[in-house]
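1. Predicted structure and sequence below. I'll ask about it afterward.
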Amino acid sequence: MPKATVVDMTGKKVGEVDLSDAIFGIEPNVSVVHEAVKNHLANCRQGTQSALTRAEVSGGGIKPWRQKGTGRARQGSTRAPQWTHGGVVFAPKPRSYSYTLNKKVKRLALKSALSAKAAEGNVIVVDGLNLDAVKTKNMAAFLGAVESKKAVLVTPEVNENVVLSARNIPGVVTTTAKLLSVYDIVNANQFIVDKAALAVIEEVFA
């Protein structure tokens, strides 16, 4: 059964906790994790690129020269793609790149990402991940104490003090136990989770 170190908000080790085998102890499926990350990045794309086709560029209403007898190639418009200022062939148009993954695939990817972090020893459980006030300095001090520069912080519910204190620290992402992202977990060096949030994760995803 995988284990994780339990620390307090000063970074001091206060014990160990057993992690669920069903979530943190499976054999990571790399291809499924890759699919989940690719899906996340595709869903993030804006898809707002656009260019004009030959039907949309201005000008070119008249035939540039007569069809036969000039010695030059026949042309019907000065806005055909081969002309300067002509339209774009198969011009990109605004569209959505998003697609959905099966629920079982997403769940397996999440468990694989968490299991990989546990196997690396990069799961840190905090005995009460909370701050008395919004203070980036205090959050940075905590992350420094646990030697973490790029981490995902998980709380049971939205904690404004934690969110606002961490939002200006590069590489740090905050989320809740029920909204875990495979991309965020893979992208982070450490998975730092509140003890109460860990119980929610094991209850929801087991």
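-> Received the coordinates, thanks.
2. From now on I want contacts and neighbour counts done on CA atoms only, so please keep to that.
-> Noted.
3. so what does the helix or strand encompassing H34 touch, helix or strand wise?
-> Assigned by DSSP states H and E, H34 falls within helix 30-44. Packed against helix 30-44 by the contact rule (3 or more Cα pairs under 8 Å, 6 or more residues apart in numbering; DSSP states H and E) you find helix 103-119, helix 182-187.
4. Dump the ones you listed into JSON lines; add distance to V152 as well.
-> Shown next, in JSON lines, are the helices and strands packed on helix 30-44 (distance: least, Cα to Cα, whole Å):
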{"stretch": "helix 103-119", "distance to V152": "12"}
{"stretch": "helix 182-187", "distance to V152": "7"}
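5. Now render these as TSV, adding mean pLDDT.
-> Shown next, in TSV, are these (pLDDT from 0 to 100):
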stretch	mean pLDDT
helix 103-119	94
helix 182-187	94
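6. can you tell me which of the ones you listed comes nearest to T155?
-> The closest of the helices and strands packed on helix 30-44 to T155 is helix 182-187. By Cα to Cα, the value is 14.1 Å.
7. what's next to that closest one, contact-wise?
-> With contact meaning Cα atoms under 8 Å, 6 or more residues apart in numbering, helix 182-187 is reached by 33, 36-37, 40, 109-110, 113-114, 152, 173, 191.
8. Tell me which residues of it come out buried.
-> Residues of helix 182-187 classed as buried by neighbour count (16 or more other Cα atoms under 10 Å): 182-186.
9. Report the distance from it to the chain centre.
-> Relative to its parent chain, helix 182-187 has a centroid offset of 6 Å by Cα atoms, centre = their mean, to the nearest Å.
10. next one: stretch 8-24
-> From the chain centre to the centre of stretch 8-24 is a distance of 25 Å (Cα atoms, centre = their mean).
11. again with stretch 139-149
-> The answer for stretch 139-149 is 22 Å, by Cα atoms, centre = their mean.
12. orientation of the helix holding H34 relative to helix 103-119 in degrees?
-> 110 degrees (axes from the mean of the first three to the mean of the last three Cα atoms, to 10 degrees).
13. hmm, back to that, out of the contacts of helix 182-187, which is nearest to V125?
-> Nearest member of the contacts of helix 182-187 to V125, counting by Cα to Cα, is F191, at 8.4 Å.
14. residues contacting A55?
-> Listed by Cα under 8 Å, 6+ apart, the contact set of A55 reads G87.
15. Locate it within the secondary structure: which element?
-> Residue-wise, A55 maps onto no helix or strand under DSSP H and E.
16. again, but for V154
-> Secondary structure assigned from DSSP H and E places V154 in strand 151-155.
17. got it, and V14?
-> strand 13-18.
18. Name every strand pairing with that strand and say which way it goes.
-> In the sheet, strand 13-18 lines up against strand 3-7 (antiparallel) (DSSP bridges).
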